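Colleague: have a look at this prediction, sequence included:
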Amino acid sequence: MALFGKDIGIDLGTVNVLVSEGGEIVLHEPCVVAIRVDEQKIVSIGQEAREMFGRSPESIEVMRPIQDGVIADYEVTERMLHYFLTKVCGPMRLFKPRVMLSVPYGATSVESRAVHEAAKEAGSREAFLIQEPLAAAIGAGLPVGTPAGNMALDIGGGNTECAIVALNGIVIADSARVGGMALDQAIVTYVRKKYGIVIGEITAEEIKIRIGSAVPLDEVLAVEIQGRDHITGLPRDAIITSEDVSEAIDEPLEDIIAVAKSVLEKTPPELASDAIDRGIVLCGGGSYLRGIEKRISSSVGVPAYLTDNPIGCVAVGASRALDLLEVMQSHLPRI
């Protein structure tokens, strides 16, 4: 418990920013910022900015300052973090928070340092970094302090991260820059090719949520969509089925599963045996896709299951890691 400010964990994702305090999610906002181009002034942040995607005039740019889990625009990220920290902690004149932020496994020292510096400039008293799969394992409640291997697969918006964790650290891990946004983009491409209709990212995500599935469904689902005819440019609608979506997302799904296979192939036999016995815990927003645990189980040959509140695991794990800082410090990225 911090004496001079709050202790908070931050999942700084490509699609969402989640903040946890005391193991509870206290903020969940889209990682989106709207900027007035001529003045470089922020117009809105979070959900309000996300609703402007595809609807804003030329004078306003709607952007994601985090790409593939790392900072793409430093200044905008810093201002966004300051906004979210103030929202959670109130004015930070006297009691500044201590924060633990997630970074992708395999992030370079330059990328990690940028996240650390942005957090400091945004108003934190101290800033620490934790690799996403380790935070996910802690947040999922896995017994990471034991010698037994625990396997976590975190399917985020821009990245998929998988790790075997034991004795409070990552033993084997791998990552790929593929996640929920790649599934959305695959749907956009498929709908254009098959139906000749151009749809946006948000529409594709809605299709995925409503009828998307990683495995064939007993009953085919369908949804009507509206978009723009890619030849005439005029509005047009079509009926999209769950079979369409399954076909569209098959390739990026295989890329996600390949990350878990890669980790198991590199894992020492004793720890691999632990993982097979305990199963793979699925975290991140991408794990909400229907049937993904069945698809992973059948492809990898290891039972897979969803943890409680998959999307909050990384933020909750980051905040819990602050409570265990003395034990965890040697396993955190060095800045």
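Modeller: Nice, I can see it.
Colleague: which of the helices or strands spans the residue in the chain sticking out farthest from the centre?
Modeller: Taking CA atoms, centre = their mean, the residue of the chain most remote from its mean C-alpha position is Thr232, at 36.5 Å. Using DSSP states H and E, Thr232 sits in no helix or strand.
Colleague: let the chain start at 192 from now.
Modeller: Sure thing, new numbering starts at 192, so read that last one as Thr423.
Colleague: tell me how far it lies from Val206.
Modeller: 32 Å (CB to CB, to the nearest Å). Every C-beta, even on glycine, is put in place using the N, C-alpha and C of the backbone.
Colleague: returning to that earlier point: torsion angles phi and psi at the residue farthest from the centre of the chain?
Modeller: Main-chain dihedrals, Thr423, degrees, to the nearest 10: phi -80, psi -20.
Colleague: repeat that for the one 10 residues further on.
Modeller: When read as degrees, to the nearest 10, the backbone of Ser433 gives phi -60, psi -30.
Colleague: so it touches Ala413, yeah?
Modeller: Yes: between Ser433 and Ala413 there is a contact at 7.2 Å, judged by CB atoms under 8 Å.
Colleague: hang on, Asp435 packs against Lys384?
Modeller: No: between Asp435 and Lys384 there is no contact under CB under 8 Å: 10.8 Å.
Colleague: these two - which one has more neighbours?
Modeller: Between Asp435 and Lys384, Asp435 has the larger neighbour count (other CB atoms under 10 Å), namely 22 against 11.
Colleague: wait, is the more buried one part of a strand?
Modeller: No: counting by DSSP: H, G, I helix; E, B strand; the rest coil, Asp435 falls outside a strand, being helix.
Colleague: so what's it up against?
Modeller: Shown in contact with Asp435 (CB atoms under 8 Å, 6 or more residues apart in numbering): 381-382, 385.
Colleague: buried sites along stretch 273-288?
Modeller: Neighbour counts over stretch 273-288 (16 or more other CB atoms under 10 Å) mark 273-276, 279-280, 283, 287-288 as buried.
Colleague: of Ser433 and Ala413, which one has the most company?
Modeller: Ser433 (20 against 12).
Colleague: that one and Lys399: what is the separation?
Modeller: 10 Å.
Colleague: circling back: any shared contact partners between Ser433 and Ala413?
Modeller: Taking CB under 8 Å, 6+ apart as the contact rule, Ser433 and Ala413 both touch Ile402.
Colleague: wait, Gly347 touches Leu203, no?
Modeller: No: counting by CB under 8 Å, Gly347 sits too far from Leu203 to count as a contact (10.5 Å).
Colleague: identify the contacts common to those two.
Modeller: Gly260.
Colleague: narrow the contacts of Asp435 to those in helices?
Modeller: Here DSSP state H is the test, and those give 381-382, 385 as lying in helices.
Colleague: those residues, buried ones only, as a ChimeraX selection?
Modeller: In ChimeraX syntax, the buried subset of these is picked out as below (16+ other CB under 10 Å):
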select :381,382
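Colleague: closest to Ala512 out of the ones in helices among the contacts of Asp435?
Modeller: Distance to Ala512 across the ones in helices among the contacts of Asp435 (CB to CB) is lowest for Tyr381, with 39.5 Å.
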